[in-house]
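[1] Got a predicted model here, sequence first, then my questions.
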Amino acid sequence: MIYQVIKGRRSVRKYLKEDVPEDALGRALEAATWAPSAHNAQPWRFIVIKDESIKHELAKSMAKEWDKDLAADGLPLKERERLTRSSIERLTEAPILILACSTMKAMHAYPDERRMAAERTMAVQSVAAAVQNLLLALHVEGLGACWICAPLFCQDVVREALRIPKDVEPQALITVGRPAESPKPPSRRPLGDIVHLNRWGTRWEG
Ligand SMILES: Cc1cc2nc3c(=O)[nH]c(=O)nc-3n(C[C@H](O)[C@H](O)[C@H](O)COP(=O)(O)O)c2cc1C
């Protein structure tokens with residue numbers, strides 16, 4: 001039942017040191033491509049990272065960039081070291097990383113910024129839909145995964161570490177592996193708090 005799959009998926013952040021089967025990964029990535037996309041432009045691109053040295057290079061360069069932000073925020077060195085060390089561990093201890101990116105290549109081009117901004121949003125929304133398909137499919141394959149937003153804060157550094165072309169924008173990193181934890185479901189807001197009937201302020205009572 002689809003509701004069971006949707007509700008059963010969790011963000012899993014700890015993994016067993018086991019290889020992820022190629023065929024399961026392939027099926028999940030293919031499921032990602034069945035997401036809806038604006039103009040059916042399929043503006044998603046995925047980079048699957050398995051190589052330990054590339055994982056380490058990526059994690060370290062992202063942490064270095066994060067450290068600049070933390071230093072600018074005035075965090076003491078010890079705290080910065082703790083945070084960046086744990087972020088490097090999160091990425092390097094996952095058997096597989098998948099970088100989900102957007103590209104504007106197949107999207108519509110307009111002469112004005114207003115419509116271009118809408119196209120960029122559509123590209124990002126399409127990638128997000130594909131990532132959700134990916135997460136659900138990985139869950140069905142018995143794999144754990146977690147969406148990590150960090151690449152958004154250091155897109156150029158990620159591009160450089162993975163030799164990504166300029167038109168491709170890193171959007172999210174997905175850590176993947178056999179689950180080594182079964183997190184409890186975080187609570188959800190009741191529908192009455194988030195769904196409005198006809199007009200804002202008239203609550204859904206269902
Ligand atoms: C856009 C987005 C960014 C996220 N970024 C992170 C992140 O950087 N680190 C992390 O541990 N989880 C991240 N998450 C996962 C959320 O924390 C998680 O989905 C939320 O707590 C609900 O838990 P659940 O996925 O198990 O239902 C992100 C999720 C989304 C959709």
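    Structure's in. What do you need?

[2] Just the buried positions in the helix ranked longest in the chain, please.
    Of all the segments of type helix in the chain, defined by DSSP state H, the longest one is helix 113-140. Buried residues in helix 113-140, defined by neighbour count with 16 or more other CB atoms under 10 Å: 119, 122-131, 133-139. For every residue, glycine as well, the C-beta is placed using N, CA and C.

[3] what helices or strands is that helix leaning on?
    Helices and strands touching helix 113-140, by 3 or more CB pairs under 8 Å, 6 or more residues apart in numbering; DSSP states H and E, are helix 2-8, helix 22-32, strand 44-49, strand 96-103, strand 144-148, strand 168-177.

[4] For the ligand, find the nearest of the ones you listed.
    strand 144-148 (4.0 Å; CB to the nearest ligand atom).

[5] tilt between the closest one and helix 113-140?
    160 degrees (axes from the mean of the first three to the mean of the last three CA atoms, to 10 degrees).

[6] ok, residues contacting strand 144-148?
    10-15, 90-91, 131, 134-135, 138-139, 172-181 (CB atoms under 8 Å, 6 or more residues apart in numbering).

[7] about what we covered before: if we check the ligand, which of the buried residues of helix 113-140 are in contact?
    Within the set of the buried residues of helix 113-140, contact with the ligand (CB under 6 Å from any ligand atom) is found for no member.

[8] Identify the residue nearest S87 in space, chain neighbours excluded?
    A63 (5.4 Å; CB to CB, 6 or more residues apart in numbering).

[9] Same check on R10?
    Counting by CB to CB, 6+ apart, the nearest residue to R10 once its immediate chain neighbours are dropped is P183, at 4.7 Å.

[10] any idea which helix or strand carries that neighbour?
    Using DSSP states H and E, P183 maps to neither a helix nor a strand.

[11] Tell me the confidence at it?
    If you check P183, the pLDDT there is 98.

[12] now swap in M1 and tell me
    Reading off the confidence values, M1 has pLDDT 89.

[13] isn't R178 right next to G142, touching?
    Yes - shown here, R178 and G142 form a contact pair, counting by CB atoms under 8 Å, at 7.4 Å.

[14] more crowded one of those two?
    Between R178 and G142, R178 has the larger neighbour count (other CB atoms under 10 Å), namely 16 against 10.

[15] give the contact list for the closest residue to P21 other than its chain neighbours.
    Distances taken as CB to CB, 6+ apart place E141 nearest to P21, at 7.9 Å, with adjacent residues excluded. Residues in contact with E141 (CB under 8 Å, 6+ apart) are P21, A24, R27, A28.

[16] Equivalent analysis for D19, please.
    Contacts of D19 (CB under 8 Å, 6+ apart): P95.
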